[in-house]
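Participant: need a structure here:
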Amino acid sequence: MTVRLRAHHLLCMLTFVGEGYTPAFTANYRRIAERLSAGEEIEIVSGPDDICAPLLSEASAHCLLPGPKGRDEAAAQAVGRLLGVQIEQGVRLIPDKTLLKRLRRGFATDLIRNACEDCEWSELCTTVARDHFRNTLVAPC
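Facilitator: Residues are numbered from 1 along each chain as shown. All right, here's what the predicted structure looks like:
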């Protein structure tokens, strides 16, 4: 199996500490965090992904709005530059220690955070990064 992620969720997974939009969203994300921590392969998708799934039944699901799509584009470019690969639909990544360390270093030094602009979770993520990603649920440091 693979975990289907949209590009900006490559950033979100780095700082996930168990908070979310709804209890169903958080429970789902915790299960995904366990899968990622176990090294399950990531497949990049365009649009809503496995993390978005619990929100898609809402009439105004923000996953379908232009904001997240713009974050996907910004994250794909930034992460692609950092890793030296093109991040696009169908690309597969293994969330091993090496990848997570590179991404977290890039996140903490703002190399890949341009996608976080105007995100309601940005302040929390800044705090998590400043705390050296302690208590994160995807392959904790």
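
Participant: hey, let's count contacts and neighbours off CA atoms from now on
Facilitator: Will do.

Participant: next, the buried residues of the helix or strand where A74 lies.
Facilitator: Using DSSP states H and E, A74 sits within helix 66-83. Under the neighbour-count criterion of 16 or more other Cα atoms under 10 Å, helix 66-83 has P68, K69, R71, D72, E73, A74, A75, A76, Q77, A78, V79, G80 buried.

Participant: what is that helix packed up against?
Facilitator: helix 9-15, helix 97-108 (3 or more Cα pairs under 8 Å, 6 or more residues apart in numbering; DSSP states H and E).

Participant: highest average neighbour count across the ones you listed?
Facilitator: Ranked by average neighbour count under the criterion mean count of other Cα atoms under 10 Å, these are headed by helix 9-15 at a mean of 22.

Participant: quick one: the helix or strand following that one to helix 97-108, angle?
Facilitator: Going down the chain from helix 9-15, the next helix or strand is helix 23-37, by DSSP H and E. Put simply, helix 23-37 runs at 130 degrees to helix 97-108, going by axes from the mean of the first three to the mean of the last three Cα atoms, to 10 degrees.

Participant: what about the next helix or strand after helix 23-37, distance to the chain center?
Facilitator: Under the assignment DSSP H and E, the closest C-terminal helix or strand after helix 23-37 is strand 42-45. Distance, stretch centre to chain centre, for strand 42-45: 11 Å (Cα atoms, centre = their mean, to the nearest Å).

Participant: poorly predicted segments of this protein, please.
Facilitator: For the chain, residues meeting the criterion pLDDT under 70 lie at 140-141.

Participant: helix, strand or coil for the nearest residue to G39 once chain neighbours are set aside?
Facilitator: Leaving out its chain neighbours, the residue that sits closest to G39 by Cα to Cα, 6 or more residues apart in numbering is P95, at 5.5 Å. Classification of P95 by DSSP: H, G, I helix; E, B strand; the rest coil places it in coil.
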